[in-house]
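1. Task: produce atomic coordinates for the following.
(chains A and B)
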Amino acid sequence: MSLTDPENQIFDPQTPFLKRFEGVYAFQYKKNRVYRAFLNALGYTNQEHFRPGNIPLLPVRAFKYGSILPEGYTADLIFRSSGTSAMKRSTHGIVSTDIYEKSITTEFYRHFPKENHIILALLPGYEDNPDSSLIWMVRHLISRDSSGLSRFIRQDTQFSKEWITELALSGKKVLLFGAAFGLIDFMSRTNPFESLKIEIIETGGMKTHKREMSKEELRERISDHFGIKPSEIHSEYGMCELHSQMYAIGSVWFSAPHWVTVSIRDAENPERECEPGEEGKIGIIDLANIYSCPFIITGDRGVMNENGQFQVLGRWDSDNMRGCNFLIDAET
Amino acid sequence: MKGPSEHVDSINKSISEWLQPDNKILQESIERTVDEGLFSFEDIKHQILALKYALKPANIEQWIRQSGIKPNSLANRTVLCLHAGNLPLVGLQDLLAVIISGANYAGKLSKKDPYLLKSLIRTLDKQRLVKQIQCSTELEVLYGVRPDAWLFSGSEKNATAVENLLIEQGAINPDSPSLIRTAFYSAAYIDNLANETMAHLTEAVFRYGGAGCRSVAVVVSPFGLNENKCEFTDYIESFWLKNPQHQNPPKSLEHRFAMNKSIGVNQAWLNDFIIEEGAEVPGKKFILTWLVGDFSAFSQFVTDNKRGLQSVYSTADYIGNYAGDSVIEPLSAAQKPPIWWRPDNIDTLSWLHENISCEDP
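-> This next block holds a predicted model:
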């Protein structure tokens, strides 16, 4: 197999995932110095026959030390994770903008067909956040709306009667796209969309500047405020270090696009896949990451159901710490 | 009711009896703890030896004097202690503080350390200093205690979960005073590689498998890890020969080592531990973070990482000075603190004195 074949096959649903996975893995072992060194340090060579459920996944923290690129490739685009100046921020170099755009639009339009939706993005603008992969993604989706009605909005945006009428006359649904804390702030004002068909996509960020809120509570508040059904409230799960996004449609359970496999890995033994219902760290094989690292274990806590959907339960970070940990689960 | 002196005498008598080499109750509790693999014999022995010094009557007396409390002044009050189990006898200071105050002690013993503290409670009970029925490894047994205050050590997240559970069960009044300690690691400044310093540093890092909040998890030093890796490793190997690591790290530590190697982080792999240069989240088990920097960098680290940081240590030239707003303690005392040491910078005895009224409700 030549080195260009895996890229061509990533988005081909006719090619079995395992075959695409093997092609991307072979490319990675040959060209990705960081991932190869990671495997070698664990004692593995290119003689291993990994499956998606047990392939060693590079901790996402590795991206805090700089872009991870295959030998001979350079990045077209650079994304950085959000964070304070005291924190190291992740850097993700995007070698192929085409792959990135395709991963965004293929999955997004599968759930929200372009011809049926207008995006109103309650997110900071691109000018203020040129490093954000989320803003880049939403800007790209807005730019592809030929109606010109999709746009970024702000907390204080005024919705004139004319504008609301124009949105209503378009015959399309409005997708209000925002981070959880932004949506909560937005809900402190009168709902400007009462006369419109709207759906919500929240992008996470449950720990607001005021207090932490459960996903269920957030969904309930959104439903009450906008007068929409829970089935019209969706979630997006993505990160700076990934090309692809996952969506939870009308529920808290996410599913992955056909070129992505999510597994829940045992935090103590990341080479073991957890059983459905067992909490662990969310592991992601994103074949669209072919030119960075497609085999990643995140710092997020997750759980899988019997249908292969997963839920994001927050950060894993407070475990395995030193000190006097009175662990309520273990002690009661 | 006993007067203050008589009360303290009873406590000292109980402690002395408990620490006697031929105390069968203590011996049995040590044997059970070791047999069930909860802690190593070496770590328990170290803890008992440290307590033999820390619990001398003169030290108890000094602790009481510093706190301003009148012993046995809270005789009509009840204090619930939720003990963690990461070190042998880790809740002993809380137990003694409550007993000295005269309050009724109610204790949730850790399932990871159910015997050692209980052996002291049994000895205190002989002097009628504690109601034995009010201690259990099962929290629900204590739901009816209705404490006037409660003490807890753990993470912020667990503290909230425990508090919610206790309120839900009607076991505590939401307005009851609570002392919640959440610091979970300590740091040291090392500016010399003298034999004594390296021996103390080894003890401060690796005693109790590095699991305690007083264990050094971060070293700031003008020397890079590569400059002392071999020498330090010799001390560690020698320490582990005498004090074999009781708890082995999970496989995820190998993955961390492999990731560090793949991205070029300078590190030392010790099978049961990693020493690594630089890390953004200090305080994880089995990892010692080594930061290269001078004393001002150490002070800056202490200032930037107040949350979670318990104690700061160094060698003779720095003891008593400030790093950030923390007073530097002797490195040699990291694993044998005096009885009046202040977890999360709060003296438990003073806290009981200041937060619980001795007047009848």
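
2. Which residues are in contact with the most centrally placed residue in chain A?
-> Taking Cα atoms, centre = their mean as the criterion, A:G238 is the residue nearest the geometric centre of chain A, at 1.0 Å. A:G238 makes contacts with A:S133, A:L134, A:M137, A:T203, A:S244, A:Q245, A:M246, as judged by Cβ atoms under 8 Å, 6 or more residues apart in numbering or on different chains. All C-beta atoms are positioned from the backbone trio N, CA, C, and that covers glycine.

3. What is the nearest of the residues you listed to A:Q47?
-> A:S244 (29.2 Å; Cβ to Cβ).

4. Next up, the contacts around B:A333.
-> Counting by Cβ under 8 Å, 6+ apart, B:A333 has contacts B:Y313.

5. And for B:N173, the neighbour number?
-> The local packing of B:N173 (other Cβ atoms under 10 Å in any protein chain shown) involves 14 other residues.

6. Count the neighbours of A:R110 for me.
-> As a burial measure, A:R110 scores 12 neighbours (other Cβ under 10 Å).

7. From chain B, how far off is the residue nearest to the centre of chain A?
-> According to Cβ to the nearest Cβ, to the nearest Å, A:G238 and chain B sit 22 Å apart.

8. Let me see the ranges of the helices in the stretch 101-250 of chain B.
-> For the stretch 101-250 of chain B, the helices defined by DSSP state H, counting those that start in this stretch cover B:116-126, B:156-168, B:195-206, B:225-242.

9. Can you add distance to chain A and give the ones you listed back as TSV?
-> Putting these into TSV (distance: least, Cβ to the nearest Cβ, whole Å) gives the following:
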stretch	distance to chain A
helix B:116-126	13
helix B:156-168	5
helix B:195-206	11
helix B:225-242	17
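
10. Go through those and pick out the most buried.
-> Stretch with highest mean neighbour count among these: helix B:116-126 (a mean of 21; mean count of other Cβ atoms under 10 Å in any protein chain shown).

11. contact partners of that helix?
-> When contacts are defined by Cβ under 8 Å, 6+ apart, helix B:116-126 is touched by residues B:11, B:14-15, B:17-18, B:23, B:25-26, B:28-30, B:33, B:44, B:83, B:88-89, B:91-92, B:95, B:99, B:105, B:107, B:109, B:130-132, B:135.

12. Any stretches of chain A with poor pLDDT?
-> Applying pLDDT under 70 to chain A flags the ranges A:1-4, A:84-87, A:206-212, A:317-332.

13. ok so, going back, go through the contacts of helix B:116-126 and flag which are in strands.
-> Among those, DSSP state E puts B:Y105, B:G107, B:C135 in strands.

14. B:G308 and B:V281 touch, don't they?
-> No: applying Cβ atoms under 8 Å, one finds B:G308 not in contact with B:V281, separated by 9.4 Å.

15. Show me which of the contacts of A:G238 is closest to chain B.
-> A:S133 (20.1 Å; Cβ to the nearest Cβ).

16. What's opposite A:I284 in the beta bridge?
-> Beta-bridge partners of A:I284, counted by DSSP bridges, are A:V262, A:I296.

17. How many neighbouring residues does it have?
-> 27.

18. Any stretches of the stretch 101-250 of chain B with poor pLDDT?
-> Looking at the stretch 101-250 of chain B by pLDDT under 70, you get B:132-133.

19. Check the contact lists of B:G308 and B:V281 and give me the overlap.
-> With Cβ under 8 Å, 6+ apart, B:G308 and B:V281 have no common neighbours.

20. Give me the more crowded residue out of the two.
-> Set B:G308 next to B:V281 and count neighbours by other Cβ under 10 Å: B:G308 wins out with 20 against 13.

21. Return the residues in contact with the more buried one.
-> The contact partners of B:G308, by Cβ under 8 Å, 6+ apart, come to A:G323, B:T182, B:A183, B:F184, B:Y185, B:P282, B:G283.

22. Any figure for the gap between A:H243 and A:D286?
-> Counting by Cβ to Cβ, to the nearest Å, the separation of A:H243 from A:D286 is 6 Å.

23. Give me the common contacts of the two.
-> Common neighbours of A:H243 and A:D286, counting by Cβ under 8 Å, 6+ apart, are A:S103.

24. where does A:I201 land in three-state SS?
-> Per DSSP: H, G, I helix; E, B strand; the rest coil, the secondary structure class of A:I201 is strand.

25. Counting neighbours, what do you get for it?
-> Look at A:I201: counted by other Cβ under 10 Å, it has 22 neighbours.

26. Let me know whether it touches A:H234 as I believe.
-> Yes: the pair formed by A:I201 and A:H234 meets the contact definition of Cβ under 8 Å, at 4.8 Å.

27. anything in contact with each of these two?
-> Taking Cβ under 8 Å, 6+ apart as the contact rule, A:I201 and A:H234 both touch A:Y247.

28. Quick check: bridge partners of B:Q267?
-> B:E276.

29. Verify the stated contact: it with B:F273.
-> No: using Cβ under 8 Å, B:Q267 and B:F273 do not qualify as a contacting pair, with a distance of 10.5 Å.

30. Identify each buried residue in stretch B:26-36, please.
-> Buried residues in stretch B:26-36, counted by 16 or more other Cβ atoms under 10 Å in any protein chain shown: B:L26, B:S29, B:I30, B:T33, B:V34.

31. how about TSV for those residues, with distance to A:I55 added?
-> Shown next, in TSV, are the buried residues of stretch B:26-36 (distance: Cβ to Cβ, whole Å):
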residue	distance to A:I55
B:L26	51
B:S29	47
B:I30	46
B:T33	41
B:V34	40
